[in-house]
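> Sequence below, structure please.
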Amino acid sequence: MSDDSKRKKSRGALERKFRPGGDARSTKAYKSDLEKLFKSGADVPERFKKVMKGLEPEEGTPDAERKAAIAALRKVEGFRDFAQAVMAFRKERAANDWAWPDEEGVLIRMLDHPDPRVVEEVLVHIADLCAREGFERTVALKSRLSTIRTMTDAPKTHAAIDEIEAAL
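Presented below is the predicted three-dimensional model:
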């Protein structure tokens, strides 16, 4: 076999291997799994669980405790139980200098909290989150914002709502 025919044969194999769209399904699935991995509050795709296990905070550390407290918030059902869990998280947050969670679903639920101070704190955090990362669940958030705006006259709350709306 001549050198030219070997090159043509190897080039053909390379073209087949790296053909655009040749492995589109697995690439699309991988990208989808990556998006899930980096989406706050989403379940970790199976292919990344082993890697994520190594990134977990060490048990007993403040990061591990915060993560466990957020996981507990996510699991609470019922309005009253959730409101009590938020108050407990808020108390722990103050004692340990924790940030509010970045999980959109949890934050949106917190906006229904009966304590206007909690709502205000969460709104300020959401404004910061919108500036850092954006917010995907905009329809649910906008709905809550308009309700909160009509329910309060607190200037700090209105300022946070204005900031969020500008970021959306």
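> Could you list the domains of this protein?
Here the domain parsing of the chain from automatic domain parsing is 3-55, 62-167.
> hey, which of those domains is tucked in deepest?
Of all the domains of the chain, domain 62-167 has the most neighbours on average by mean count of other Cβ atoms under 10 Å, namely a mean of 16. Backbone N, C-alpha and C define where each C-beta goes, glycine included.
> what about that domain, average pLDDT?
Domain 62-167 carries an average pLDDT of 92.
> what's the first-to-last distance across it?
31 Å (Cα to Cα, to the nearest Å).
> ok, for residue 92, nearest residue in space, not its chain neighbours?
Nearest residue to residue 92, sequence neighbours excluded (Cβ to Cβ, 6 or more residues apart in numbering): residue 69, at 5.9 Å.
> As a check, name the ranges of all helices in this protein.
3-17, 24-38, 49-55, 62-75, 79-96, 104-110, 116-132, 138-151, 155-167 (DSSP state H).
> Now do the phi/psi pair for residue 135.
phi -140, psi 130 (degrees, to the nearest 10).
> Find the nearest non-adjacent residue to it, please.
Using Cβ to Cβ, 6+ apart, the closest residue to residue 135 is residue 141 (6.0 Å).
> Hmm, the one you found is touching residue 168, no?
Yes - if you go by Cβ atoms under 8 Å, residue 141 and residue 168 touch, sitting 7.2 Å apart.
> Return every residue with contacts to both of those two.
residue 135 (Cβ atoms under 8 Å, 6 or more residues apart in numbering).
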